[in-house]
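A.B. asks: Need coordinates for the following:
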Amino acid sequence: MMKASTKFLKDVWVVFLLPLMVIVIAILLFCYWVTSSIYLYGTGDLTLNDDTNLAEIDWDDTVRNIFYFHFFGIFWVVAFIIAFEQFVIASSVSFWYFNEKADKKVESPISRSIWRGFRYHIGSLALGSFLLALIWVIKTFTAYVS
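C.D. replies: The predicted structure follows:
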């Protein structure tokens, strides 16, 4: 088992770049999410409190529901990115392992796995990440309440 994994890492060294790409994508996504959250936060009606001389933002139900959807969306997209990364690694290992004994090596198993994920498995990855995001939101809500 250890020989096969070290041989895979030697043959397909590009797999080390996947976590770095995922981190860059996650940072860009987080920056986008924070920016859009700030804009969303400012869409309410601004009222001045005479007692404290501070302004308060009142949201209507539509803006509040959009914020809840936006909050759930970040969990779902992060779970999808993690699931897709795990799928690409697992698929590239399977491409490499089952063609290891063949005369011809597999050309670019990472890009083939990315294409395979988008072409054949995107629905399963989206459903699994949706369920995972739902559990994360429930955990976050219960941690906030207690």
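A.B. asks: can you tell me which residues contact residue 68?
C.D. replies: Residue 68 makes contact with no residue, according to Cβ atoms under 8 Å, 6 or more residues apart in numbering. C-beta: built from backbone N, CA, C; applies to glycine.
A.B. asks: Let me know the average pLDDT across the host helix or strand of it.
C.D. replies: In the assignment (DSSP states H and E), residue 68 maps to helix 61-98. For helix 61-98, mean pLDDT is 94.
A.B. asks: all helices in the protein, in order from the N-terminus.
C.D. replies: For the chain, helices defined by DSSP state H occupy the ranges 2-11, 17-41, 61-98, 109-120, 122-145.
A.B. asks: For the first one, buried residues please.
C.D. replies: Which is helix 2-11. For helix 2-11, a neighbour-count test (16 or more other Cβ atoms under 10 Å) marks residue 8 as buried.
A.B. asks: right, and the helices of the chain - which one's nearest residue 50?
C.D. replies: Proximity to residue 50 (Cβ to Cβ) singles out helix 17-41 among the helices of the chain, at 22.7 Å.
A.B. asks: Just the angle for the closest one relative to helix 109-120, thanks.
C.D. replies: Here helix 17-41 runs at an angle of 50 degrees relative to helix 109-120 (axes from the mean of the first three to the mean of the last three Cα atoms, to 10 degrees).
A.B. asks: So which elements touch helix 17-41?
C.D. replies: On a contact count with 3 or more Cβ pairs under 8 Å, 6 or more residues apart in numbering; DSSP states H and E, helix 17-41 meets helix 61-98.
A.B. asks: centre of the chain versus the helix it packs on, how much separation?
C.D. replies: Chain-centre distance of helix 61-98: 3 Å, with Cα atoms, centre = their mean, to the nearest Å.
A.B. asks: now do stretch 46-65
C.D. replies: Computed by Cα atoms, centre = their mean, the chain-centroid distance of stretch 46-65 equals 32 Å.
A.B. asks: which other residues reach it?
C.D. replies: The contact list for stretch 46-65 (Cβ under 8 Å, 6+ apart) reads 40-45, 67.
A.B. asks: List the buried residues for that stretch?
C.D. replies: residue 63.
A.B. asks: Can you report how many residues neighbour residue 82?
C.D. replies: Using other Cβ atoms under 10 Å, residue 82 has 15 other residues around it.
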